[in-house]
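*Asks:* Give me a model of this one.
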Amino acid sequence: MFSNMQLELNMERLRMAVDDLLMKLAKMFSKPKLQIVFLINNCDMTIAVLKEACPEDGKIQLHFEEMLKSNTGLFVEELLMEHFSDLIKFVKTRAWCNRVDAQRCDNFLCGMEILRAALTQLLLYHTRLSGCIKRISGGAALNKDLVSISSHLSCMKSENTP
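*Replies:* Numbers count the residues shown, from 1 in each chain. Sure thing, here's the model as predicted:
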């Protein structure tokens, strides 16, 4: 008969083996973005299975939720860099200015979360860009030509409504 300690040790070993397998399989994709999408989809599916099997948050489920969160952040950065690289590079190069394609994940629970995170990060870049523009000569006039923050928020609200 196994003790609880032995069972927990075996579960941890199994989790580590699954992690290793996911990482090896993800490396089979040539593009980093596809590797991240693979990991997001598999973490999301693993979480769904764990929630069904054991509704309370266990240590293993929390691990996969953290892995999902981490990879979602990476995906958002990849996505925004793909579509808004000039804006992001401009904002990141300013000393005082210091993160919509979730379709590959839309079959899973996290698809809307990824889209929401991407739009939120875009809004943050927009806000920092606006701050940078205000600091340059004639910046107030340039800021008038930027898409308004309320327009971004309206877009985010409509994206989150089914």
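*Asks:* Can you tell me which helices and strands the longest helix seen in the chain packs against?
*Replies:* If you go by DSSP state H, the chain has its longest helix at helix 59-93. Packed against helix 59-93, as judged by 3 or more C-beta pairs under 8 Å, 6 or more residues apart in numbering; DSSP states H and E, are the following elements: helix 4-26, helix 32-53, helix 111-134. C-beta here means a position set from N, CA and C on the backbone, and glycine is covered the same way.
*Asks:* Format those as a markdown table; extra columns: mean pLDDT, distance to residue 83 and mean neighbour count.
*Replies:* Shown next, in a markdown table, are those (pLDDT from 0 to 100; distance: least, C-beta to C-beta, whole Å; neighbours: other C-beta atoms under 10 Å):
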| stretch | mean pLDDT | distance to residue 83 | mean neighbour count |
| --- | --- | --- | --- |
| helix 4-26 | 90 | 23 | 12 |
| helix 32-53 | 92 | 12 | 18 |
| helix 111-134 | 77 | 9 | 18 |
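*Asks:* Distance from the chain centre to stretch 10-28, please.
*Replies:* Remark: stretch 10-28 is offset 21 Å from the chain centroid, using C-alpha atoms, centre = their mean, to the nearest Å.
*Asks:* I meant stretch 26-46, not that one.
*Replies:* Chain-centre distance of stretch 26-46: 12 Å, with C-alpha atoms, centre = their mean.
*Asks:* before we move on, back to that, pipe the helices and strands packed on helix 59-93 into TSV and attach distance to residue 71 per row.
*Replies:* TSV is the format used below for those (distance: least, C-beta to C-beta, whole Å):
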stretch	distance to residue 71
helix 4-26	9
helix 32-53	5
helix 111-134	10
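*Asks:* which residue is nearest the centroid of this structure?
*Replies:* residue 72 (2.3 Å; C-alpha atoms, centre = their mean).
*Asks:* May I ask you to confirm that that one is in contact with residue 113?
*Replies:* Yes. With contacts counted by C-beta atoms under 8 Å, residue 72 reaches residue 113, the gap being 6.7 Å.
*Asks:* picking up where we left off before, dump the residue contacts of the residue nearest to the centre of the chain.
*Replies:* Listed by C-beta atoms under 8 Å, 6 or more residues apart in numbering, the contact partners of residue 72 are 40, 110, 113, 114, 117.
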